[in-house]
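Engineer: Sharing a model that was predicted from the sequence below.
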Amino acid sequence: MDSIAEVILENNIDKPLDYLVPKAMQELIKVGHIVKVPLRGVLRTGYVLSLKKEQAAPSILPIETIEDRSIPEELLNLAEWMSKYYCINLSKIFKFLMPISIRENVLPKMQIFLTAQKTKKELLALHQELLLTSASQAKAIEQFLKAQKGLFLTELLEKEISKSVIDALIKKNIISSQKIIKEQSDLLLNEDFFSTKPKTLSLEQENALNSVSQSLQSSRFNVHLLFGVTGSGKTEIYLQAIQQALDMNKGTIMLVPEIALTSQTIERFKARFKEKIAIIHHKRSAGERSKDWQSMLSEEAKIVIGARSAVFSPMPNLGLIIVDEEHDSSYKQQEEAPAYNAKNIAIVRAKIANATVILGSATPSIESYFNAKKNKYILNELTQRPNNSSLAKVHVIDMKTEMQKKGGFTYFSEELLSKIKNRYDLGEQTLLFLNRRGFNTSLICTNCSNVFKCSSCDVALTFHKRENYLSCHLCGFKIATYHQCPSCHSLEHIKYQGFGTEHVEASLHAIFPTIRTLRADRDTTQTKHGHEILFKQFRAGKADVLVGTQMIVKGLHFPSVTLVGILNTDGALNIPDFRSSETVFQLLTQVAGRSGREELQGEVIIQTFMPENETILLAKNQDFKSFYSSEIENRKLFNYPPFTNMIKLVFSSKDESKTAMIAEDFRKILVQNLSSEDTIHPVIACGRAKVKDHFRFQFLIRGKRTLSLCSAIEKTKKQINLGSIHLFIDVDPISTFF
Ligand code: ADP
Ligand code: ZN
Ligand code: ZN
């Protein structure tokens with residue numbers, strides 16, 4: 001019997017290939033190892049998928065080398081599941097799961113960090129002595145007296161203190177040196193938190209925690225849905241559950257929405273735990289990623305906090321996965337394959353690891369609440385806020401009446417203006433929320449109705465006043481603004497139209513010249529710490545009003561905000577998608593939750609042209625359960641998720657007619673491969689019909705089992721030649737329109 005390894009290669013061959021394991025490697029080799037194997041005379045990277053004993057065919061080639069890196073077995077199992085569920089090659093999944101820095105063994109850039117080994121008093125005494133014997137060493141000591149925590153060698157060298165002086169001090173055990181990653185130093189130096197103790201839980205919190213801890217203590221795979229209004233103490237439960245996991249020597253992965261990954265969230269966790277916390281965000285360098293990966297594998301970091309990709313952290317001995325704001329759409333990767341949803345991955349992964357899952361939200365997704373109702377998930381509810389602050393009062397304003405009063409368009413209703421003024425006078429703060437989905441400031445010609453569109457993407461260009469240009473929010477195309485219509489050559493009829501944060505800010509200044517405003521949107525928060533700096537400024541009272549888009553909604557806590565104005569919601573309600581009511585309900589409830597979270601009573605104003613709309617009225621009462629009851633009826637009636645599973649197939653290329661034709665051909669073959677209970681929709685142009693010069697067509701399929709839909713797709717792929725047409729398979733799509 002020979003020892004044979006099934007190896008999946010990185011370069012896109014969808015079947016694993018057999019290789020012989022040489023005698024010398026047999027003790028060493030494990031499933032998940034990265035290996036180098038020959039393929040047509042070239043060495044290729046691959047992953048060991050399984051090991052077997054059988055007679056080798058004479059043509060079989062031996063493995064060349066085993067690398068000292070491997071993918072943990074748990075992730076390997078997850079990868080196999082993902083490959084089937086998301087209809088994507090296993091090799092692509094591996095590539096995606098393992099950071100490139102690990103695959104290619106990139107080492108992080110290290111820097112030397114120096115810390116004093118003496119007390120301040122001892123240093124002062126030494127300094128006195130050294131002034132007489134060695135002026136240069138004394139100078140170095142001065143720097144350490146000034147520094148809070150320690151210094152980078154580079155900082156000292158900049159101050160013209162030589163390396164030999166430092167070496168001498170190290171030799172005398174006055175200072176010590178360690179190698180750390182430069183970027184991590186930000187975190188290291190900021191670790192001056194007041195540590196917090198676990199709070200005495202309210203009865204509701206205690207019940208919820210007990211329920212979670214029963215699963216945790218018995219290492220049972222259970223999904224808990226923690227449904228609690230904003231400010232009801234969900235985070236406190238996460239903290240105490242993590243503590244229990246630590247006490248059992250188990251690791252935790254905590255997922256938060258991309259945008260909530262601010263120092264505000266992280267501080268709360270760092271202040272509670274002395275243990276090392278790995279923070280994963282997409283802006284981390286390759287070196288930092290290697291370091292994270294290693295520190296998790298070595299169990300140095302037992303808590304990981306991160307956005308969606310953190311669900312793939314190679315945490316051994318995983319006990320708990322928390323998905324905060326579980327309804328949030330940023331958990332879904334929508335633009336590229338694999339189109340995974342980190343919430344689903346969390347559940348599958350926990351099942352593999354016998355870990356416990358907590359999904360937390362004030363506005364659970366319809367699917368999750370449905371699963372809780374069916375007892376697939378365990379429901380834990382928090383109905384009260386521990387500090388007894390009451391929920392905000394919500395008013396709905398009919399903008400049709402406001403327009404009549406004003407005799408034309410206005411951003412602000414009279415009531416909103418008077419309340420902003422009132423907050424301004426009291427020194428309290430206001431958030432103005434602008435829903436930009438479907439609405440932008442665009443340029444039109446009122447003479448010939450020409451809309452200025454991006455020629456590559458078929459969407460209206462957005463006008464940016466400060467820089468005076470038009471830009472496309474899909475592809476980034478920029479052009480100086482027009483003063484003459486290129487179509488009818490009119491000079492007088494060029495008009496700006498629609499909503500924009502910048503315009504709202506300017507209009508507010510026109511009404512209240514002394515009001516101080518800040519603006520949070522994609523333009524003002526582009527830099528690495530952009531939105532954090534902005535939010536810090538606002539929290540510190542540097543402005544009276546914060547105008548912003550989606551990004552001001554999530555998980556932020558501004559104690560002096562007592563008024564939230566929602567300027568427009570109707571655009572999102574009009575998007576033809578089965579989730580649009582749900583999205584709007586979540587958005588309105590979450591925005592409302594930003595108002596009045598401490599001792600100050602909060603108010604919310606929702607401005608709308610559809611004041612009788614049911615979703616808006618239910619959001620006004622922050623009545624999730626009634627919303628759920630009516631929404632679930634709709635879903636059932638039209639056979640939408642959770643009553644069915646959906647896959648969206650998107651075809652794109654630069655050739656419009658060819659793309660449409662292939663989509664039709666694919667559909668025809670797929671129909672034959674699907675079962676008779678499955679539904680297939682017609683081919684249509686996507687809501688965004690053209691992006692970056694690529695024409696996009698789509699159709700949906702629905703059925704009881706995702707896996708059987710996937711195998712029908714796999715089969716069809718083999719029966720058709722897609723040529724240059726790109727096919728994106730979106731399993732459980734968030735949006736069926738765009
Ligand atoms: P959520 O995560 O549900 O929005 P938080 O955990 O942030 O709620 O709690 C809201 C506020 O209530 C925080 O200031 C938190 O410190 C406080 N809090 C939470 N639990 C308790 C408790 N048991 N006793 C007193 N204060 C609490
Ligand atoms: Zn474009
Ligand atoms: Zn014109």
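Structural biologist: Alright, I've got the coordinates. Ligands and ions are numbered 1, 2, ... in the order given.
Engineer: State the three-state secondary structure for residue 323.
Structural biologist: Using DSSP: H, G, I helix; E, B strand; the rest coil, the three-state assignment for residue 323 comes out as strand.
Engineer: can you give me the strands in the stretch 1-150 of the chain?
Structural biologist: 2-9, 17-20, 33-39, 42-54, 65-70, 110-116 (DSSP state E, counting those that start in this stretch).
Engineer: The fourth one pairs with which strands, parallel or anti?
Structural biologist: Using DSSP bridges, the strands paired with strand 42-54 in its sheet are strand 2-9 (antiparallel), strand 33-39 (antiparallel).
Engineer: swap in the fifth one?
Structural biologist: Based on DSSP bridges, the pairing partners of strand 65-70 within the sheet are strand 33-39 (antiparallel).
Engineer: Contacts made by the strand it pairs with with the rest, please.
Structural biologist: Outside strand 33-39, the residues that touch it by CB atoms under 8 Å, 6 or more residues apart in numbering are 5, 7, 9, 17, 19, 29, 43-48, 61, 63-67, 69-71, 103. The way it works is simple: take the backbone N, C-alpha and C, and place the C-beta from them, glycine included.
Engineer: List only buried entries from those.
Structural biologist: Among these, those scoring as buried are 5, 7, 9, 17, 19, 29, 44-48, 63, 66, 69-71, 103 (criterion: 16 or more other CB atoms under 10 Å).
Engineer: Can you name the residue of the stretch 201-350 of the chain nearest ligand 3?
Structural biologist: Closest to ligand 3 within the stretch 201-350 of the chain is residue 335: 34.3 Å, counting by CB to the ion.
Engineer: what's around that residue, how many residues?
Structural biologist: 8 (other CB atoms under 10 Å).
Engineer: quick one: contacts for it?
Structural biologist: So residue 335 contacts nothing (CB under 8 Å, 6+ apart).
Engineer: In terms of pLDDT, where does it sit?
Structural biologist: With respect to pLDDT, residue 335 scores 80.
Engineer: Over to it. Which of the three states is it?
Structural biologist: Relying on three-state DSSP, one would call residue 335 coil.
Engineer: what does residue 160 give?
Structural biologist: coil.
Engineer: What's the separation between it and ligand 3?
Structural biologist: As judged by CB to the ion, to the nearest Å, residue 160 and ligand 3 stand 66 Å apart.
Engineer: Chain neighbours aside, what residue packs nearest to residue 195?
Structural biologist: Here the nearest residue to residue 195 in space, its sequence neighbours aside, is residue 271; by CB to CB, 6 or more residues apart in numbering that works out to 5.5 Å.
Engineer: Pull up the per-residue confidence for the one you found.
Structural biologist: Predicted confidence (pLDDT) for residue 271: 85.
Engineer: circling back to that earlier point, how about CSV for the strands of the stretch 1-150 of the chain, with distance to residue 488 and mean pLDDT added?
Structural biologist: Shown next, in CSV, are the strands of the stretch 1-150 of the chain (distance: least, CB to CB, whole Å; pLDDT from 0 to 100):
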stretch, distance to residue 488, mean pLDDT
strand 2-9, 58, 90
strand 17-20, 64, 92
strand 33-39, 61, 90
strand 42-54, 59, 89
strand 65-70, 64, 84
strand 110-116, 61, 80
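Engineer: could I get those strands as CSV with distance to residue 96?
Structural biologist: Listed next are those as CSV, based on distance: least, CB to CB, whole Å:
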stretch, distance to residue 96
strand 2-9, 13
strand 17-20, 20
strand 33-39, 15
strand 42-54, 12
strand 65-70, 16
strand 110-116, 27
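Engineer: now the ones you listed as JSON lines including distance to ligand 2?
Structural biologist: Below are the strands of the stretch 1-150 of the chain laid out as JSON lines (distance: least, CB to the ion, whole Å):
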{"stretch": "strand 2-9", "distance to ligand 2": "36"}
{"stretch": "strand 17-20", "distance to ligand 2": "42"}
{"stretch": "strand 33-39", "distance to ligand 2": "39"}
{"stretch": "strand 42-54", "distance to ligand 2": "36"}
{"stretch": "strand 65-70", "distance to ligand 2": "40"}
{"stretch": "strand 110-116", "distance to ligand 2": "41"}
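Engineer: Between these, which one is closest to ligand 1.
Structural biologist: strand 110-116 (32.9 Å; CB to the nearest ligand atom).
Engineer: Mind giving me the packing neighbours of that closest one?
Structural biologist: If you count contacts as 3 or more CB pairs under 8 Å, 6 or more residues apart in numbering; DSSP states H and E, strand 110-116 packs onto strand 151-152, helix 153-158, strand 175-181, helix 184-189.
Engineer: just checking, next helix/strand downstream of the last one?
Structural biologist: Note on helix 184-189: by DSSP states H and E, the next helix or strand toward the C-terminus is helix 203-217.
Engineer: List the neighbours of that following helix that are in contact with it.
Structural biologist: Outside of helix 203-217, the residues within contact range by CB under 8 Å, 6+ apart are 201, 220-222, 224, 226, 228, 232-233, 236-237, 240-241, 244-245, 248, 250, 319-320, 356, 358, 378, 380-384, 386.
Engineer: Also near ligand 3: which of the residues you listed, exactly?
Structural biologist: When contact is defined as CB under 5 Å from the ion, those do not meet ligand 3 at all.
Engineer: Tell me the buried residues within these.
Structural biologist: 201, 222, 224, 226, 228, 232-233, 236-237, 240-241, 244-245, 250, 319-320, 356, 358, 378, 380, 382, 384, 386.
Engineer: what's the span of stretch 405-414, first residue to last?
Structural biologist: End-to-end distance of stretch 405-414 (CA to CA, to the nearest Å): 9 Å.
Engineer: Flag every buried residue along that stretch.
Structural biologist: So, applying 16+ other CB under 10 Å, buried residues of stretch 405-414: 410, 411, 412, 413.
Engineer: which among the contacts of helix 203-217 are in contact with ligand 1?
Structural biologist: Contacts with ligand 1 within those, counted by CB under 6 Å from any ligand atom: 201, 228, 232, 233, 236, 386.
Engineer: any chance of these in JSON lines, with distance to residue 446 and pLDDT too?
Structural biologist: Shown next, in JSON lines, are those (distance: CB to CB, whole Å; pLDDT from 0 to 100):
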{"residue": "201", "distance to residue 446": "61", "pLDDT": "93"}
{"residue": "228", "distance to residue 446": "50", "pLDDT": "93"}
{"residue": "232", "distance to residue 446": "50", "pLDDT": "89"}
{"residue": "233", "distance to residue 446": "53", "pLDDT": "91"}
{"residue": "236", "distance to residue 446": "55", "pLDDT": "95"}
{"residue": "386", "distance to residue 446": "55", "pLDDT": "78"}
